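Asker: any chance you can model this:
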Amino acid sequence: MSSDMLLQQLNRIDGKGYGAYKDLIGEYIFPEFILSCDYVQGDAYAPPSSFTLKLSAEKTQYPSHWYSAKCRRTALADYLNRRFYTYINSSNFGNKLKGSGWGGSKGGDISIMKCSQAVLERTSVMVHESAELEVRLTIGLPAQGRTILGNVARNILLEKVPQIVQNVLLMPSLDEDEVLQHLLCVEDQEFLRESIIKDDLIAFIADDSILPRKSGDSDLPMTQNVVPFQSPESMRYEYELPNKGTITGMGIRNGINVIVGGGFHGKSTILNSIEFGIYNKVLGDGREFVVTNPFSVKIRSEDGRYVEGVNISPFINNLPLGKDTTYFRTEDASGSTSQAANLIEAIEIGATSILIDEDTSATNMLMRDKRMQMLVEKENEPITPLVFKIKQLRDEFSLSSVLVMGGSSDYLSVADSVIQMNNFIPLDATARAKQIIDNYPDTFDNEGGNCFGQITERYPKSIRTGNKNKVVHKNLVNMGNVELNLYGLEQLSEKGQTRSVICALEYLSKNLDPSLTVRENIQAIDTRIETEGMDFITYRKQGVNSRPRFIEIAQALNRYRLFRVR
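Answerer: From the prediction side, this is the model:
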């Protein structure tokens, strides 16, 4: 249908009941684009209606090198998403009609998904291999009470939407150099991440990076009183990037790495930057060239989390009353049992390195000194702390680690490298730490045994999800009457990833293969996302999803209280 047909439809339904908006469902051909009405909300108070803009390569006229590789297509889509969001919010297109009471004016707002600092695959804007551009937005179709405001709808769909296309998406409106710099920055980050993996690094932090964030609830860079990152010479690596050229920075090698330093000297800040180095970032973030092996997982304690059938016996055994820890299940884990389960689950799903901050850890899972060993004999202590197992994890499972430690020296004796943060500047303290250990040897007895213990692959039995699942925010989901707490998933970057995680759980509830392990079931989903996109796990086309790692899907599944394993 043509845009003229859309005009006729809007004229026809003007003044009718809100349900007549459903007559708009279908595609309308404009001179520069196709507008598809995919879903119409039930009334003016319901979540807004879904629309899709489709533009052919002939209409956008983007240069072919902008979409020649997948990472460039993802970066281009990310750039356009941010541009679209900024435009509609600065032009008041995102404002709702102001009316009071049931009979007041409602709707009229245009919106698109808000991006975090990470450059992710999203369903809100997609640049396909054919160079077709697909933009998914929502529009609150306007009404007075439950009566359609046809004149306002005409203004939105026939004037505002074409204006957005002209001023945001078409080639003449774009700053070619700005777009290209965005694409090349993302491409360099991809190249750098692949390079550090080849060099057996967990992470790389480029010199002059800006690591501190604006505030505790903001991912934007701090702009005042910031000390740019400078690598110690003994840990400095140099890379030649395809676009930016030569960069230098600190490489953190595979193995056991301990970050020490006084309070407020930047220990947790550097670990936080490493956590989010699994993602590419936007130009200007300050951490663009802080890159991390994508199989790195942050591990913390989570009092009260659900644990289902995990073999935590390498860390916790011989519990009072004979509770089995080779198939440990609880509705209310303690700090130590939750952290033990988190670590075992990370190994099970395929983590290559773990990231731990003592501030968010259970102390008894990290260490046990000689005096405590003398006071509480081993036969009366079910917990074997990580300090006695971390070398076994490195040697038997090739699991590397980065640990922030400020209050205990126990990990210095097992560390392959020690980084000391001093006024936000890292120093290589490895040799000095080893000298201190030689002068003041450990007095505690190693309780770790001869080997780490068994990692038991789990096979799923069932997962039940409801029909009314709501993502409250990035780390909290209401799964019907069951609350899914995801605060322990510290590497989630934005709410769209959480939506995709929940879609994956809903998909699993209908397509679980009990003959495959938990890991194999989730990797099968990730493989289909890679080849088919995220639409296959959603019940209808939506522009509200961004791609998570399969690791976060597994972490959410493990915390879901209606998940069972055999």
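
Asker: tell me which residues are up against stretch 47-63.
Answerer: Residues from elsewhere that reach stretch 47-63 (Cβ atoms under 8 Å, 6 or more residues apart in numbering): 21, 32-41, 76, 107, 109, 111, 130-141, 161, 165, 169-171, 176, 540-543. All C-beta atoms are positioned from the backbone trio N, CA, C, and that covers glycine.

Asker: buried residues in that stretch?
Answerer: 48, 49, 50, 51, 52, 53, 54, 55, 59, 60, 62 (16 or more other Cβ atoms under 10 Å).

Asker: just the contacts of stretch 47-63: which are in strands?
Answerer: Those of the contacts of stretch 47-63 mapping onto strands are 34-39, 111, 133-139, per DSSP state E.

Asker: any weak-confidence spans in the stretch 51-200 of the chain?
Answerer: 94, 98-104 (pLDDT under 70).

Asker: oops, could you answer that again for the chain instead?
Answerer: For the chain, the ranges with pLDDT under 70 are 94, 98-104.

Asker: centre-most residue in it?
Answerer: Geometric centre of the chain, nearest residue: residue 492, 2.9 Å, by Cα atoms, centre = their mean.

Asker: doesn't residue 474 make contact with that residue?
Answerer: Yes - Residue 492 lies in contact with residue 474 (Cβ atoms under 8 Å); the separation is 5.5 Å.

Asker: anything in contact with each of these two?
Answerer: Contacts common to residue 492 and residue 474, judged by Cβ under 8 Å, 6+ apart, are 486, 498.

Asker: sheet-wise, list the partners of the longest strand seen in the chain with their directions.
Answerer: For the chain, the strand with the greatest residue count under DSSP E is strand 245-253. According to DSSP bridges, strand 245-253 forms sheet pairs with strand 201-206 (antiparallel), strand 236-241 (antiparallel).

Asker: next helix or strand past it?
Answerer: Per DSSP states H and E, the first helix or strand lying C-terminal to strand 245-253 is strand 256-261.

Asker: any residues touching the very next helix or strand once past that following strand, and which ones?
Answerer: Where DSSP H and E defines the elements, the next helix or strand beyond strand 256-261 is helix 267-275. Contacts to helix 267-275, defined as Cβ under 8 Å, 6+ apart, come from residues 202-203, 205, 209, 211-213, 252, 259-261, 287, 290, 292, 296, 298, 355, 357, 359, 402, 404, 406, 419, 421, 424, 426, 490-491.

Asker: what's in contact with the following helix or strand past helix 267-275?
Answerer: Remark: after helix 267-275, the chain's next helix or strand is strand 280-281, criterion DSSP H and E. Strand 280-281 is contacted by residues 71, 75, 117, 118, 119, 186, 189, 190, 287, 288, 290 when judged by Cβ under 8 Å, 6+ apart.

Asker: how about a cut-off of 7 Å?
Answerer: 117, 118, 119, 186, 189, 190, 287, 288 (Cβ atoms under 7 Å, 6 or more residues apart in numbering).

Asker: strands of the stretch 1-150 of the chain, residue ranges please.
Answerer: Counting by DSSP state E, counting those that start in this stretch, the stretch 1-150 of the chain has these strands, from start to end: 26-29, 34-39, 49-55, 105-106, 110-111, 118-119, 125-127, 133-139, 143-144, 147-148.

Asker: can I get those in TSV with distance to residue 269?
Answerer: Shown next, in TSV, are those (distance: least, Cβ to Cβ, whole Å):
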stretch	distance to residue 269
strand 26-29	49
strand 34-39	43
strand 49-55	40
strand 105-106	45
strand 110-111	33
strand 118-119	18
strand 125-127	31
strand 133-139	36
strand 143-144	49
strand 147-148	53
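
Asker: chain neighbours aside, what residue packs nearest to residue 461?
Answerer: residue 564 (4.3 Å; Cβ to Cβ, 6 or more residues apart in numbering).

Asker: for this structure, what's the longest helix?
Answerer: helix 176-198 (DSSP state H).

Asker: put the alpha carbons of it into CSV.
Answerer: Only the C-alpha atoms of helix 176-198 are listed here, as CSV (Å, rounded to 0.1, in the frame of the first residue of the first chain):
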residue,chain,number,x,y,z
GLU,A,176,30.8,10.8,6.7
ASP,A,177,34.0,11.3,8.6
GLU,A,178,32.2,10.9,12.0
VAL,A,179,30.5,7.7,10.9
LEU,A,180,33.8,6.3,9.5
GLN,A,181,35.7,7.1,12.7
HIS,A,182,33.0,5.2,14.7
LEU,A,183,33.3,2.2,12.5
LEU,A,184,37.1,2.2,12.4
CYS,A,185,37.3,2.5,16.2
VAL,A,186,35.0,-0.6,16.7
GLU,A,187,37.0,-2.5,14.1
ASP,A,188,40.3,-1.7,15.9
GLN,A,189,38.8,-3.0,19.2
GLU,A,190,37.8,-6.2,17.5
PHE,A,191,41.3,-6.6,16.1
LEU,A,192,42.9,-5.8,19.4
ARG,A,193,40.8,-8.3,21.3
GLU,A,194,41.7,-11.1,18.9
SER,A,195,45.3,-10.1,19.1
ILE,A,196,45.6,-10.3,22.9
ILE,A,197,44.0,-13.8,22.9
LYS,A,198,46.8,-14.9,20.6
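
Asker: how far off centre is it?
Answerer: 19 Å (Cα atoms, centre = their mean, to the nearest Å).

Asker: make 6 the starting number, not 1.
Answerer: Sure, I'll start counting at 6 from here, so that last one is helix 181-203.

Asker: ok, and for it, which residues are buried?
Answerer: 184-185, 187-198, 200-202.

Asker: one more: stretch 281-296?
Answerer: Buried residues in stretch 281-296 (16+ other Cβ under 10 Å): 281-288, 290-296.

Asker: kindly report the same for stretch 138-158.
Answerer: 138-150, 152-155, 157-158.

Asker: ends of it, what's the gap?
Answerer: Stretch 138-158 has an end-to-end distance of 24 Å (Cα to Cα, to the nearest Å).

Asker: and what of stretch 409-429?
Answerer: 14 Å.

Asker: mind listing what's buried in stretch 343-358?
Answerer: For stretch 343-358, by 16+ other Cβ under 10 Å, it's 343-354, 356-358.

Asker: select from these every entry located in helices.
Answerer: 343, 344, 345, 346, 347, 348, 349, 350, 351, 352, 353, 354.

Asker: identify the residue spatially nearest to residue 464, adjacent ones excluded.
Answerer: residue 571 (4.7 Å).
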